[in-house]
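1. Take this sequence and fold it.
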Amino acid sequence: MEVIESKIDINSEEYQKNFKDMSALVEDLNKELDIAMNQRSQKALDRQKESEKIPAKKKLELLLDKNTPFLEIAPLAARGMYDGKIHKAGLVMGIGVIEGRECMIGINDATIKGGAAYPMSAKKGLRGQAIVMENRLPSVSLIDSAGGYLPLQSEMFPDINGGGRLFYNQAMISKMGIPQIAAVMGLCTAGGAYGAAMCDDIVHVKGHGAIFLGGPPLVKAATGEEVTANELGGPELHCSDSGVSDYYAEDDPHAIQIVRSIVKNLPATEKSKLTMAEPEPPLYDPMQLYGIVSPDLSKPYDCREVIARIVDGSKFLEFKEMFGSTLVTGWAHIHGYPVGILANNGILFSDSAKKATQFIQLCDKRKIPLLFLQNINGFIVGSQYERGGITKDGHKMVNAVSTASVPKFTVVVGASFGAGNYAMCGRAYSPRFMWMWPNAQIGVMGGEQAAGVLETITNNQRARLGQAPLTKEEVEFIKGPVIENAQKEGNAYYATSQLWDDGIIDPAKTRDILGLAISASLNAPIRDDEYGFGVFRM
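-> Reported below is the predicted structural model:
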């Protein structure tokens, strides 16, 4: 592989401006992440202390092996939704190392509405289960949940992607032979009771852990019986009488110690193997990404400059360099793991789509994971390109992306619009993980494009009615709201709050995050389907 020769002048005015602008975006991101992790009401903190519970952040610290990374998933889920205080959708979730084993971890944060589950909590939980099933990761849950948030029950209860699906998935995870471990560290009410009871191992904490389908108020209303939470579902009852729980813990730290022992006792599994290379840092400082990519998406850059600051030794074996030049494809390593990279250098033409299709097929056959670096406005349009077959060539690429069964990873480094989002493995195409940079935008099309389409349609309608074209003032009147809405809903923070990705990340940390994700993916077979690819329309 050849080292990518960077042509970036780090002393140029453009580089310095980009660096300043991206640094400001990263600073804002860090502030948002801090708020999501630490902003809690004093009342909630006092209540937690009175109940002798430890905070979610401390639980995570005790659970993980010392000095190991934690790959947090959707840290800004539900940002700005509900009352603006349902941070992380009430759930700390991510991949961490417990007794040397990569595990999917979920921790209810009882300082947020008592751990009550909101619709986005269910969606985030389902995302975690998808990661468990796709990557065959043991699931560890530290549960403290008051159950579903009743005023919004219709948004999370009955549908296929509602809260009930969580328990269906638990049954399927069990069928797949993937371990599920729960520590009952607070209330496990209604659905929360099933969340614990459907696990393989249940650790139950003395004093504040309780499992029941209906809490004391509901029992009294339904039967007239007066009973305390501990009498109804405490560890003494469930460890000695019902047999629901398996391990009795004196307090939260003791419960976490038991969980770690359970994980340590799991049968060893062999991870999938790739043809590894000796890891080496990029030749160029990843911090230089700040100066290369402008928050102004209209400003182009060579995606090879991004690749050079992510891959090992900045080495890249480019595939079909002279063909389909608006899409760069080739092989590299990230922390020693081989990857096939597809990165946008412009809109997609027929030749770039066909090139992508061939490259994806090669990677899939060779069992090499795929990395998509998105900065795409879509496919080329126009009669000339339709005659040339852009529709069928785009279909080939979308088909290949859809049916490739090696692990896929997507990072939106700029624009992610229209069918370009699909072809470059957007969320709907099941990448194992997907992240966005803080400058990224996503949508059917950009605001200016959408407003221009609306202007054209309106003028065509007026022409058919014999009316004059829109005046300049009328154009501004109809375009303004369209652009404003596109900017709001296409913003990276809006996208991440809706769980359209697994989080907004600091560009300089992209390489390390990808390394952790690839490692996690190797807990599952690299490719285990029997069908191969579908039909590519010729």
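2. in the stretch 251-400 of the chain, which spans are helices?
-> Using DSSP state H, counting those that start in this stretch, the helices of the stretch 251-400 of the chain run over 252-264, 289-292, 303-307, 350-365, 383-387, 390-403.
3. So what's the model's average confidence on the second one?
-> In this model, helix 289-292 carries a mean pLDDT of 98.
4. send the alpha carbons of that helix over as CSV?
-> What follows is helix 289-292 as a C-alpha-only set of coordinates in CSV (Å, rounded to 0.1, in the frame of the first residue of the first chain):
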residue,chain,number,x,y,z
LEU,A,289,-9.3,17.0,10.1
TYR,A,290,-10.6,20.2,11.7
GLY,A,291,-8.8,22.2,9.1
ILE,A,292,-9.6,20.0,6.1
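5. Out of the helices of the stretch 251-400 of the chain, which is closest to residue 414?
-> Within these, the stretch nearest residue 414 is helix 303-307; the backing value is 9.2 Å (CB to CB). Quick note: C-beta positions are derived from backbone N, CA and C, even for glycine.
6. got the contact list for the closest one?
-> Applying CB atoms under 8 Å, 6 or more residues apart in numbering, the contact partners of helix 303-307 are 4, 6-8, 289, 292-293, 314, 316, 328, 332, 341, 343-345, 373, 375, 413.
7. Relative to its centre, which residue of this structure is most distant?
-> Computed with CA atoms, centre = their mean, the maximum C-alpha offset from the centroid of the chain is found at residue 466, amounting to 50.4 Å.
8. sorry, back to before: and among the helices of the stretch 251-400 of the chain, the most buried is which?
-> helix 289-292 (a mean of 24; mean count of other CB atoms under 10 Å).
9. By mean pLDDT, point me to the weakest helix or strand of this protein.
-> Sorting the helices and strands of the chain by mean pLDDT, DSSP states H and E puts helix 472-489 at the bottom, at a mean of 80.
10. roughly how far out does whatever helix or strand comes next after that one sit from the chain middle?
-> Using DSSP states H and E, the next helix or strand after helix 472-489 towards the C-terminus is helix 492-497. Relative to its parent chain, helix 492-497 has a centroid offset of 11 Å by CA atoms, centre = their mean, to the nearest Å.
11. Past helix 492-497, which element shows up next along the chain?
-> Past helix 492-497, the next helix or strand by DSSP H and E is helix 510-521.
12. List the contacts of that following helix.
-> Contacts of helix 510-521 (CB under 8 Å, 6+ apart): 69, 71, 95, 102, 131, 134-135, 137, 282, 286, 289, 309-311, 334-335, 337, 339, 369, 371, 407, 409, 411, 432-433, 435, 437, 505.
13. what about the strands in the stretch 101-250 of the chain?
-> 101-108, 139-145, 180-189, 201-205, 210-212, 247-249 (DSSP state E, counting those that start in this stretch).
14. before we move on, what about the stretch 301-450 of the chain?
-> 315-319, 327-334, 337-344, 370-376, 408-417, 433-436, 441-443.
15. weakest of these by average pLDDT?
-> Among these, strand 441-443 carries the lowest mean pLDDT, a mean of 92.
16. shaky segments in the stretch 301-450 of the chain?
-> Counting by pLDDT under 70, the stretch 301-450 of the chain contains low-confidence residues at 445.
17. can we see that at 90?
-> Applying pLDDT under 90 to the stretch 301-450 of the chain picks out residues 381, 418, 443-450.
18. How about residues contacting the least confident helix or strand of the chain?
-> 441, 443, 445-448, 450-452, 454-455, 458, 470, 494.
19. any idea how far residue 206 is from residue 254?
-> Counting by CB to CB, to the nearest Å, the separation of residue 254 from residue 206 is 9 Å.
20. picking that back up, how about the least confident helix or strand of the chain: buried residues?
-> 475, 479, 482-483, 486 (16 or more other CB atoms under 10 Å).
21. Just flag the most distant two among those residues.
-> Farthest pair in the buried residues of helix 472-489, by CB to CB: 475 and 486, 16.1 Å.
22. Give me the phi and psi angles of residue 388.
-> Per-residue torsions, residue 388: phi -80, psi -10 (degrees, to the nearest 10).
23. Residue 462 - nearest residue in space that isn't next to it in sequence?
-> Nearest non-adjacent residue to residue 462, counting by CB to CB, 6 or more residues apart in numbering: residue 469, 6.4 Å away.
24. hey, where'd the helices end up in the stretch 51-200 of the chain?
-> Counting by DSSP H, counting those that start in this stretch, the helices of the stretch 51-200 of the chain are 56-63, 119-135, 164-175, 191-197.
25. Just say helix, strand or coil for the closest residue to residue 468 other than its chain neighbours.
-> Spatial nearest neighbour of residue 468, excluding adjacent residues (CB to CB, 6+ apart): residue 462 at 6.9 Å. When classified by DSSP: H, G, I helix; E, B strand; the rest coil, residue 462 comes out as helix.
26. State which helix of this structure is the longest.
-> If you go by DSSP state H, the chain has its longest helix at helix 13-38.
27. Nearest to residue 51, out of the buried residues of helix 472-489: which one, please.
-> Distances from residue 51 to the buried residues of helix 472-489, taken by CB to CB, are shortest for residue 486, at 45.7 Å.
28. distance of that closest one from residue 178?
-> Taking CB to CB, one finds residue 486 at 40 Å from residue 178.
29. Residue 39 too?
-> 34 Å.
30. In terms of neighbours, single out the busier of these two.
-> For residue 39 and residue 178, the more surrounded residue by other CB atoms under 10 Å is residue 178, and the numbers stand at 21 against 11.
31. I'd say the more buried one and residue 136 touch.
-> Yes: here residue 178 lies in contact with residue 136, judged by CB atoms under 8 Å, at a distance of 5.9 Å.
32. And for residue 284, the neighbour number?
-> For residue 284, using other CB under 10 Å, the count is 19.
33. For it, which non-adjacent residue is spatially closest?
-> Nearest to residue 284 is residue 309, by CB to CB, 6+ apart, at 5.0 Å.
34. so what's the one you found up against?
-> So residue 309 contacts 282, 284-286, 288-289, 292, 511 (CB under 8 Å, 6+ apart).
35. just residue 411 next, same as before
-> 371-374, 434-437, 505, 510, 514.
36. what about residue 27, how many neighbours?
-> If you count neighbours by other CB under 10 Å, residue 27 ends up with 12.
37. where does it sit relative to residue 476, distance-wise?
-> 34 Å.
38. same deal with residue 495?
-> 27 Å.
39. Ok, residue 405 next?
-> Distance from residue 405 to residue 476, by CB to CB: 49 Å.
40. Same question for residue 347.
-> Applying CB to CB to residue 347 and residue 476 gives a distance of 27 Å.
41. now residue 203
-> Using CB to CB, one gets 62 Å for the distance from residue 203 to residue 476.
42. rewinding a little: Throw together a PyMOL command that grabs the buried residues out of the contacts of helix 303-307.
-> Here is the PyMOL command that selects the buried residues among those (16+ other CB under 10 Å):
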select buried, resi 4+6+8+289+292+293+314+316+328+332+341+343+344+345+373+375+413
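43. Tell me the spacing between residue 31 and residue 438.
-> 11 Å.
44. Compare these two and say which is more crowded by neighbours.
-> Between residue 31 and residue 438, residue 438 has the larger neighbour count (other CB under 10 Å), namely 22 against 10.
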